[in-house]
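In: Quick one: sequence plus predicted model below, questions after.
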Amino acid sequence: MLDTSQWPEVELDVLKEVHLDPKNVRLEVADAKVEADIIEDLFVNEDALGLVEGICKVGYLTHETPVVLKRRGKYVMVEGNRRLAALKAIQNPMLVPDYQARISALAALLPDRSSLSKIRVMIAPNQTQADQLIAAIHTGNLRKAWTPSRQAAFFQAQIDAGRKLKELLTRYPTIDVRKFVFRAHIINLFKSVKYDDAELQDFLATKKWARGLSTLARIYESKEFLELTGLAMQDDGRVTKTVSDAVFKSIATAIVQGMYDENINTRSLNSIKSPRYTQLMGELRRIVADANAGEEPSGNSTSGPPGGVASGASGGTKSGAGAAGGSGSTGTGASSGSGTPMGPASGGTGGTATKQPPAGKKKKPKNLDLGQVKAPDSYPEALKLLLGELSEIDVQKFPNATFLMIRAVLEKSIKAFAEAKSIDIKGTGNSQNGRVQLGHALNWLLDYVKANGPKYLIQVVEGVRTGKLVTYTNSSDSLNALNHNHHFKVDADQAFAMWGSIDSIMRYAMKP
């Protein structure tokens, strides 16, 4: 049982006697050795400037005592690095050149800056007890938890230090250790893959990747993904999977490519029924099926297991595996291969560098928002597949293809809606030579909502049907023109506008 009441307390000079911890899991930089780099990282990524402002305007709050540890004769801050960075900057704003003027202006508000030149700290007896305190504070319920990447980083550090799962379970009895260990392992598993596209390899070292870990969690915590890959963590902490390393490389490439292209995110994967989730799982199933059929899936590797994961194991997820319901890799080894990155189905760019927007200019969205458009189970698989493909397409690169797909999706969705109502649109008189096209479908839908509601949809359908209430490119005639008129074209903004004009219709059509 942890008891900090006996830990000694001392007062240390913030500039001369106590140092920031280079092993602090808050840091974005790995193993920062120079204190200037550490303090800069805390200001850039952990909003230490906000803490400077709070201290200067409200005061230095002492309800929590920072914790130090003596390493090689020097006191190192193991809990309270952000506070220490703020206090160091207040004493010497030049420590953070990019924030110097703002820190100086805030420090000028203090009646006596020297009163903050020392900090009262507790001295932890050893690293083990310090780690127990840090874990209780940041991964328990005592305060707001770290972000998923920070939580994973803490337990990853424990694993890298040689801690075993059983030991961690004993040491942190109030924490869902399995969940965090799983998260740390799965991140390592994805990082251990040797991606054929150098851009993807570099992507896994960026803040954008770190911010997307909650998106990754939605995938690897899903029952379908775990069953597909066979990833499981045994009671002894050993990780197994049933897919080969080559197949996992292809799976990882498809997922990371989608995250890189920004068509896999928390918005597009907000439900297991969302089009992009359905599309992704279909793609991953095809990768596994091709491998089982003896075909080499794109991006495959034939080398040893990534991250030390045991391949071909049949053990399922053990009870008590936490919210994640499974596990990932245990090491840092890498798989290699000479395959190619995933093709168009993965939303890949084929290695083409992504053009960055000019500084200060807002980046334009690349994908349509289909987060609220989820086809019911009873709707045809062909429609679900088309919705998935539409959610993945890069509108900025392929506006005309997007426009054509919008037309097809709209017509098919109205027909599926009518079919679910046991209504034959052709039998209502809306057809030509026995064929129901988009105009006929919209005419029928307009009559249907006039008779059955909702009333707000009448003008929306009318606007798309005739174009009288909106611009031409938001009308069904423009949809038909792009499909049939070889002189007619649209741009990305018009494609987004068209989707915006039918969004309400699509949501309605998904709820028969």
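Out: Ah, there it is. The model shown is predicted, which means the values in this text are computed figures rather than measured ones.

In: For residue 426, see how far away the residue sitting furthest away from the middle of the chain is.
Out: Computed with CA atoms, centre = their mean, the residue of the chain farthest from its C-alpha average is residue 433, at 49.3 Å. Distance of residue 433 to residue 426, computed by CB to CB, to the nearest Å: 10 Å. The C-beta positions use only the backbone N, C-alpha and C, and glycine is treated the same way.

In: Skip the chain neighbours and tell me the closest residue to residue 275.
Out: Leaving aside its sequence neighbours, residue 275 sits nearest to residue 387 (CB to CB, 6 or more residues apart in numbering; 3.6 Å).

In: could you say which helix or strand contains the one you found?
Out: Taking DSSP states H and E as the criterion, residue 387 maps to helix 381-392.

In: and what of residue 77?
Out: Following DSSP H and E, one finds residue 77 within strand 74-79.

In: Restrict that strand to CA atoms and write it as CSV.
Out: What follows is strand 74-79, C-alpha atoms only, in CSV (Å, rounded to 0.1, in the frame of the first residue of the first chain):
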residue,chain,number,x,y,z
LYS,A,74,20.5,15.5,-8.7
TYR,A,75,16.8,16.1,-7.9
VAL,A,76,14.6,15.3,-10.9
MET,A,77,10.9,16.2,-11.0
VAL,A,78,8.9,13.1,-11.6
GLU,A,79,5.5,14.5,-10.9
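
In: Tell me which other helices or strands that strand touches.
Out: strand 18-20, strand 67-71, strand 118-123, helix 127-138 (3 or more CB pairs under 8 Å, 6 or more residues apart in numbering; DSSP states H and E).

In: ok now the last one, how far from the chain's centre?
Out: To tie it back to what came earlier, the one meant is helix 127-138. 27 Å (CA atoms, centre = their mean, to the nearest Å).

In: Could I get the buried residue list for that helix?
Out: Residues of helix 127-138 classed as buried by neighbour count (16 or more other CB atoms under 10 Å): 129-136, 138.

In: Go through these and name the one nearest residue 171.
Out: Of all the buried residues of helix 127-138, residue 171 sits closest to residue 132, with 6.3 Å by CB to CB.

In: Name the nearest residue to that closest one, ignoring sequence neighbours.
Out: Nearest residue to residue 132 in three dimensions, chain neighbours excluded: residue 2, at 5.1 Å (CB to CB, 6+ apart).

In: helix/strand/coil for that neighbour?
Out: coil (DSSP: H, G, I helix; E, B strand; the rest coil).

In: contacting residues around it?
Out: Counting by CB atoms under 8 Å, 6 or more residues apart in numbering, residue 2 makes contact with 129, 132-133, 136.

In: and the protein, what are its domains?
Out: The record's domain split for the chain, according to automatic domain parsing, is 4-125, 149-266+297-346, 393-509.

In: for the record, mean pLDDT for the second one?
Out: Taken as a whole, domain 149-266+297-346 carries a mean pLDDT of 71.

In: and if you look at the last one?
Out: Per-residue confidence for domain 393-509 averages out to 85 on the pLDDT scale.

In: tell me, how many neighbours does residue 96 end up with?
Out: Residue 96 has 23 neighbouring residues, counting by other CB atoms under 10 Å.

In: repeat for residue 210
Out: Around residue 210 there are 18 residues (other CB under 10 Å).

In: what's the answer for residue 175, then?
Out: Counted by other CB under 10 Å, the residues lying close to residue 175 total 20.

In: State the three-state secondary structure for it.
Out: Recorded secondary structure, residue 175: coil (three-state DSSP).

In: any idea how far it is from residue 119?
Out: Plainly put, residue 175 is 28 Å away from residue 119 if you go by CB to CB.

In: tell me the most buried of the domains of the chain?
Out: A comparison of those by mean neighbour count, using mean count of other CB atoms under 10 Å, puts domain 149-266+297-346 on top with a mean of 20.

In: Can I get stretch 84-92 in CSV? Just the C-alpha atoms.
Out: Provided in CSV are the C-alpha atoms of stretch 84-92 (Å, rounded to 0.1, in the frame of the first residue of the first chain):
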residue,chain,number,x,y,z
LEU,A,84,8.3,23.3,-12.8
ALA,A,85,8.6,24.4,-16.4
ALA,A,86,6.2,27.3,-15.8
LEU,A,87,8.1,28.4,-12.7
LYS,A,88,11.5,28.2,-14.4
ALA,A,89,10.1,30.3,-17.3
ILE,A,90,8.7,32.9,-14.9
GLN,A,91,12.2,33.3,-13.3
ASN,A,92,13.9,33.4,-16.7
